[in-house]
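Peer 1: Got a sequence here, can you build the structure:
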Amino acid sequence: MAHPKRKISTIRRDKRRTHDKLTPSTYYIDNETGSPVMYHRVCLENGMYRGKKVMAGKNDIIES
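Peer 2: Got it, this is the predicted structure:
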């Protein structure tokens, strides 16, 4: 296997790793339920997406 001829300094190594980090997800607080919801996702509490009802939520009673 190939090995480096000289030791790579910690500064050079850390410069290469600057983009290897996790970024926290962004949430918003739903006005109706007060629960945190990720952007571009359906609120699972009430089934609303961008002000429209798209699915049955957790709190909805399903009649059968």
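Peer 1: alpha carbons only for contacts and neighbour counts from here, please
Peer 2: Will do.
Peer 1: So what does the residue lying farthest from the centre of the chain have for phi and psi?
Peer 2: What lies farthest from the middle of the chain is residue 5; by C-alpha atoms, centre = their mean that is 41.5 Å. With angles defined as degrees, to the nearest 10, residue 5 sits at phi -70, psi -30.
Peer 1: which residues does it contact?
Peer 2: Contacts for residue 5 were tallied using C-alpha atoms under 8 Å, 6 or more residues apart in numbering; there are none.
Peer 1: how far away is it from residue 15?
Peer 2: 20 Å (C-alpha to C-alpha, to the nearest Å).
Peer 1: got it, and residue 45?
Peer 2: 43 Å.
Peer 1: In terms of packing, which of the two has more residues around it?
Peer 2: More neighbours surround residue 45 than the other of residue 45 and residue 15, with 18 against 9 (other C-alpha atoms under 10 Å).
Peer 1: Kindly confirm whether my reading is correct that the more buried one touches residue 53.
Peer 2: No - Residue 45 is beyond contact range of residue 53, at 11.4 Å (criterion: C-alpha atoms under 8 Å).
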